[in-house]
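Chemist: From the sequence below, what's the structure:
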Amino acid sequence: MPESIFVLSAGIIIIIIIIIIIIIIIIIITTIITTTTNITTTTIITITTIITTTIVITTTTIVITTTIIIITTTIITITTIIITINIFFFFFFFLFFFVFFFFFFFFFFFFSFFFFSFFFSFFFFLFFSPS
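Modeler: Below you'll find the model as predicted:
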């Protein structure tokens, strides 16, 4: 389904924008903390990298799970379409052959009985007539 791919790509773009905003906010917070306190920049950088890596890992798992969900839903829709087509053709051919064979055998037996009885009576009266 193409629209699900567009939704997925829009979600990935939104997640990337959120990550960029979070990184900018963390950079601003680290500059404020380093200018006001005695904490070194290396500890703040390590803390921010840990935070950003956890954010990136969670967003990638979200993206992976959404792609898996989209793939499974497309597989489910394709299989349901195939199943409905198969059911339609099965009932169509079943009804067609049932009606065809029913009418064929009905008319065959009916007309054969009719013609046999007609000819039998015709020849019977022809050969065994009193006159």
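Chemist: does residue 66 really touch residue 11, like I thought?
Modeler: Yes. With contacts counted by CB atoms under 8 Å, residue 66 reaches residue 11, the gap being 6.4 Å. Where you see a C-beta, it was placed from the backbone N, CA and C, and this is true even at glycine.
Chemist: name the helices or strands packed onto the longest helix anywhere in the chain?
Modeler: As assigned by DSSP state H, the longest helix anywhere in the chain is helix 41-127. The contact analysis (3 or more CB pairs under 8 Å, 6 or more residues apart in numbering; DSSP states H and E) places helix 41-127 against helix 2-36.
Chemist: Distance from the chain centre to the helix it packs on, please.
Modeler: When distances are taken as CA atoms, centre = their mean, to the nearest Å, helix 2-36 is centred 32 Å away from the chain's centroid.
Chemist: for the protein, what are the low-confidence residue spans?
Modeler: 1-8, 39, 41, 113-114, 118, 120-131 (pLDDT under 70).
Chemist: go again using 80 as the cut-off
Modeler: 1-16, 18-19, 22-23, 25-27, 29-49, 51-52, 55-56, 59-60, 63, 91-131 (pLDDT under 80).
Chemist: separation between residue 106 and residue 95?
Modeler: Using CB to CB, to the nearest Å, we find residue 106 at a distance of 16 Å from residue 95.
Chemist: Could you do residue 75 as well?
Modeler: According to CB to CB, residue 75 stands 30 Å off from residue 95.
Chemist: can you check residue 83 too?
Modeler: 18 Å.
Chemist: Next: residue 51.
Modeler: Taken as CB to CB, the span from residue 51 to residue 95 is 65 Å.
Chemist: Geometric centre of this protein: which residue is closest?
Modeler: Geometric centre of the chain, nearest residue: residue 77, 1.7 Å, by CA atoms, centre = their mean.
Chemist: How many residues are close by residue 62?
Modeler: Neighbours of residue 62 under the rule other CB atoms under 10 Å: 13.
Chemist: That one touches residue 18, doesn't it?
Modeler: No. Taking contacts as CB under 8 Å, residue 62 lies outside contact range of residue 18: 10.9 Å.
Chemist: List every C-alpha atom in stretch 78-91, with coordinates, as CSV.
Modeler: In CSV, the C-alpha atoms belonging to stretch 78-91 read as follows (Å, rounded to 0.1, in the frame of the first residue of the first chain):
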residue,chain,number,x,y,z
ILE,A,78,-3.2,-9.2,-0.1
THR,A,79,-4.1,-12.6,1.3
THR,A,80,-7.6,-11.5,2.0
ILE,A,81,-8.0,-10.2,-1.5
ILE,A,82,-6.6,-13.5,-2.9
ILE,A,83,-8.9,-15.5,-0.6
THR,A,84,-12.0,-13.5,-1.7
ILE,A,85,-11.1,-13.9,-5.4
ASN,A,86,-10.7,-17.6,-4.9
ILE,A,87,-14.0,-17.9,-3.0
PHE,A,88,-15.7,-15.9,-5.7
PHE,A,89,-14.3,-18.0,-8.5
PHE,A,90,-15.1,-21.2,-6.6
PHE,A,91,-18.7,-20.2,-6.1
